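Asks: Turn this into a model:
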Amino acid sequence: MSAPENLSTLVAEYWEARLADAPLYATAIGDRRFDDSLSDISPEGRARWARILEDVVTRAHRIPEDGLGNEDRVTRSALITEAESELAYLRCGIDEWSVDPLGGPQVSFLNVESYQTVRTPDEGRAMVGRWRAMGPYVDEYLANLRESLSAKKVAVRTCVEKVIGELEDLTGKPEAEWTLLKPLALAHEDWTDEERAEFREGLTRAVSDSIRPAFVRYLERLRSEILPHARPPEMAGIFHVPDGAEAYRHLIRVYTSLELSPGDVHETGLREVARINGEMAALGNEVFGLDDRKAVLEKLRTDPELHFTTRDEVAAKAESALARAKAATPKWFGRLPKAECVVVRMGEHEEKHSTIAYYRRPAADGSRPGSYYVNTSAPETRPRYEAEALAYHEAIPGHHLQLALMQELTHLPAFRRHSGVTAFIEGWGLYSERLADAMGLYSSSLDRIGMLSYDAWRACRLVVDTGMHARGWSRQAAIDFMHENTALAMNNIVNEVDRYIAWPGQALAYKTGQMELIRLRDEARRRLGPRFDIRAFHDVLLGNGALDLRTLAAMVEQEIAS
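Replies: Residues are numbered from 1 along each chain as shown. As a prediction, this is how the structure comes out:
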């Protein structure tokens with residue numbers, strides 16, 4: 001019999017393969033070795049990555065738990081969970097036919113310059129190499145769409161129309177205005193004239209000769225081939241795609257880390273929506289003197305005084321909320337990240353069809369802070385009362401606190417510092433919105449209404465995501481349900497529903513994770529009584545990476561017992 005495989009060796013091999021397969025991800029976390037390349041999304045490339053994942057899962061299962069310490073047992077479990085989830089997602093094949101207005105190449109490529117820094121001539125040459133690779137990547141992306149179409153797998157019309165609009169906006173602008181050429185504005189005073197000229201010519205030609213023509217081809221094929229066959233919005237869910245029902249069950253497992261049926265998730269969402277609606281009615285009466293919850297929602301949506309008037313106001317509110325949260329965190333957390341968090345306004349190329357905000361983690365090498373990206377477009381549609389809950393979710397004590405701290409857990413293997421289960425990551429973000437209330441961070445009862453609206457929004461996700469993808473709901477039915485049960489503006493509701501259409505199952509992670517974190521906290525407080533320490537509890541949650549919810553529960557149980 002052969003000797004048992006070394007866990008650390010397998011973990012290192014997996015992580016190296018993961019970074020090589022996802023070069024943009026490597027750059028984003030600060031590993032600059034793959035700056036000149038992009039993922040291989042060809043059928044051969046996907047098959048190769050699937051074989052690697054299958055091998056990792058098989059070898060990890062062969063490592064006996066009996067000979068491992070507690071930390072290594074957690075690492076083995078986390079490795080199996082991550083590799084199996086990657087494999088399940090890959091086999092669902094969504095990226096082969098989805099046309100994504102939020103994360104497709106027409107958006108994601110334009111964001112690369114914001115995290116791929118260029119400090120040396122070698123980094124400049126790597127950027128030119130990556131920019132040149134973008135054209136062939138888009139062509140391969142399009143080839144996958146066309147092949148999937150022959151198998152009757154095609155995106156929803158509204159998503160295709162949005163991407164067509166994005167491509168029309170982009171290709172209608174002079175190349176000099178593209179964010180892909182922003183690095184040319186850097187001084188690079190320590191470079192020679194020849195090096196600067198080489199970089200300028202290389203980047204300019206990559207855009208004009210590779211990227212722009214590929215985006216034009218993509219636009220033309222979307223119009224002529226994909227759009228005429230796209231699914232109508234009445235068939236919004238993966239439910240209507242061949243093998244979609246089975247794929248959705250796998251995606252629930254991928255994003256929640258739990259074995260949940262679509263029916264159970266749907267019913268949980270309905271119960272949560274009803275509970276939060278009761279809280280909203282009571283607080284709405286307190287703030288506005290209105291007895292009817294629908295009247296409260298109508299006022300929240302339509303009263304101009306409750307909305308911003310300028311982009312600067314949106315950004316300023318984000319800044320002030322972040323500053324207040326930074327000052328309060330030491331009383332609630334024993335361990336805090338070293339990396340800073342800054343507010344960044346979302347770029348023009350993505351703000352129109354993007355979500356309200358998002359977070360980008362810092363570079364592991366300290367070269368870039370954590371960034372809270374806020375959408376400042378159409379400020380008159382941005383409610384003042386939602387801004388604080390949004391900041392606490394995306395920045396502090398939410399994603400920045402969790403993700404930046406996770407990267408700094410140097411005693412953990414790299415894959416546990418830089419990746420993890422969506423239900424934990426997004427569950428923590430939503431947990432933070434309610435935690436901020438306990439921390440006294442909300443400026444007024446009106447801002448607490450924003451917290452309730454956001455909680456209802458995530459509860460609605462359980463209902464509308466399963467509604468569309470497992471029960472055949474139309475896009476309009478999902479929009480109507482969100483409008484009935486949240487105070488979100490209609491433009492945000494529409495963008496959100498289209499996000500759920502493009503990313504089946506991902507929206508389930510937030511509420512599922514939040515509910516489990518609250519359950520674990522309440523259980524620890526009940527059993528420990530006066531010995532319960534919220535700082536110690538949070539350090540346990542954030543001190544082990546983004547674990548699957550079952551492993552996390554076992555770890556909290558162990559801490560309580562000890």
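Asks: residue contacts, the residue lying closest to residue 158 once chain neighbours are set aside?
Replies: The shortest distance from residue 158 to any non-neighbouring residue, by C-beta to C-beta, 6 or more residues apart in numbering, is to residue 233 (5.4 Å). Where you see a C-beta, it was placed from the backbone N, CA and C, and this is true even at glycine. Neighbouring residues of residue 233 by C-beta atoms under 8 Å, 6 or more residues apart in numbering: 156-158, 474-476.
Asks: Buried ones from the residues you listed, can you make that a PyMOL selection?
Replies: Burial among the contacts of residue 233 is assessed by 16 or more other C-beta atoms under 10 Å; the matching PyMOL selection reads:
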select buried, resi 156+157+158+474+475
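Asks: how close does the residue nearest to residue 158 get to residue 94?
Replies: 18 Å (C-beta to C-beta, to the nearest Å).
Asks: do residue 493 as well
Replies: Distance of residue 493 to residue 94, given as C-beta to C-beta: 23 Å.
Asks: With residue 421 instead?
Replies: Between residue 421 and residue 94 the computed distance is 18 Å (C-beta to C-beta).
Asks: neighbour count winner among the two?
Replies: residue 421 (27 against 22; other C-beta atoms under 10 Å).
Asks: Can you point out the buried residues in stretch 437-455?
Replies: Of all the residues in stretch 437-455, those buried under the rule 16+ other C-beta under 10 Å are 439, 441-443, 446-455.
Asks: Take the residues you listed and keep only those in helices.
Replies: Among the buried residues of stretch 437-455, DSSP state H puts 446-455 in helices.
Asks: pLDDT score for the nearest residue to residue 468 once chain neighbours are set aside?
Replies: In space, and not counting its chain neighbours, residue 468 is closest to residue 237: 3.7 Å by C-beta to C-beta, 6+ apart. At residue 237, the predicted lDDT confidence score is 97.
Asks: now do residue 353
Replies: Looking at residue 353, its pLDDT reads 67.
Asks: ditto for residue 5
Replies: pLDDT, the model's per-residue confidence, is 71 for residue 5.
Asks: my guess is it contacts residue 63, does it?
Replies: Yes: with contacts counted by C-beta atoms under 8 Å, residue 5 reaches residue 63, the gap being 5.5 Å.
Asks: Please say which of those two ends up with more neighbours.
Replies: Shown here are residue 5 and residue 63; by other C-beta under 10 Å, residue 63 has more neighbours (19 against 13).
Asks: list the contacts for that one?
Replies: The contact partners of residue 63, taken as C-beta under 8 Å, 6+ apart, are 4-5, 7, 10, 76.
Asks: Could you list the domains of this structure?
Replies: Per automatic domain parsing, the structural domains of the chain span 7-245, 250-515.
Asks: distance between the ends of the last one?
Replies: This means domain 250-515. 21 Å (C-alpha to C-alpha, to the nearest Å).
Asks: do the same with the first one
Replies: In terms of C-alpha to C-alpha, the two terminal residues of domain 7-245 are separated by 35 Å.
Asks: Then stretch 255-263?
Replies: 16 Å.
Asks: any residues touching that stretch, and which ones?
Replies: Around stretch 255-263, the neighbours that count as contacts under C-beta under 8 Å, 6+ apart are 81, 85, 248-249, 252-253, 265, 421-424, 466, 469-471, 505-506, 508-509, 512-513, 548-550.
Asks: what comes up buried for it?
Replies: Buried residues in stretch 255-263, counting neighbours by 16+ other C-beta under 10 Å, are found at 255-258, 260, 262.
Asks: Can you add distance to residue 554 and give the ones in helices among the buried residues of stretch 437-455 back as JSON lines?
Replies: Shown next, in JSON lines, are these (distance: C-beta to C-beta, whole Å):
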{"residue": "446", "distance to residue 554": "40"}
{"residue": "447", "distance to residue 554": "36"}
{"residue": "448", "distance to residue 554": "34"}
{"residue": "449", "distance to residue 554": "37"}
{"residue": "450", "distance to residue 554": "35"}
{"residue": "451", "distance to residue 554": "30"}
{"residue": "452", "distance to residue 554": "32"}
{"residue": "453", "distance to residue 554": "34"}
{"residue": "454", "distance to residue 554": "30"}
{"residue": "455", "distance to residue 554": "27"}
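Asks: And the furthest pair within those residues?
Replies: Maximum pairwise distance among those (C-beta to C-beta): 15.5 Å, between 446 and 455.
Asks: Identify the residues contacting stretch 434-445?
Replies: 283, 286-287, 321, 324-325, 328, 331-332, 388-389, 392, 397, 448, 451, 455, 514, 518.
Asks: Recalculate using a threshold of 6 Å.
Replies: The contact list for stretch 434-445 (C-beta atoms under 6 Å, 6 or more residues apart in numbering) reads 287, 324-325, 328, 332, 388, 392, 448.
Asks: returning to what we had before: any figure for the gap between the residue nearest to residue 158 and residue 241?
Replies: Taken as C-beta to C-beta, the span from residue 233 to residue 241 is 14 Å.
Asks: And residue 473, by the same measure?
Replies: According to C-beta to C-beta, residue 473 and residue 241 sit 15 Å apart.
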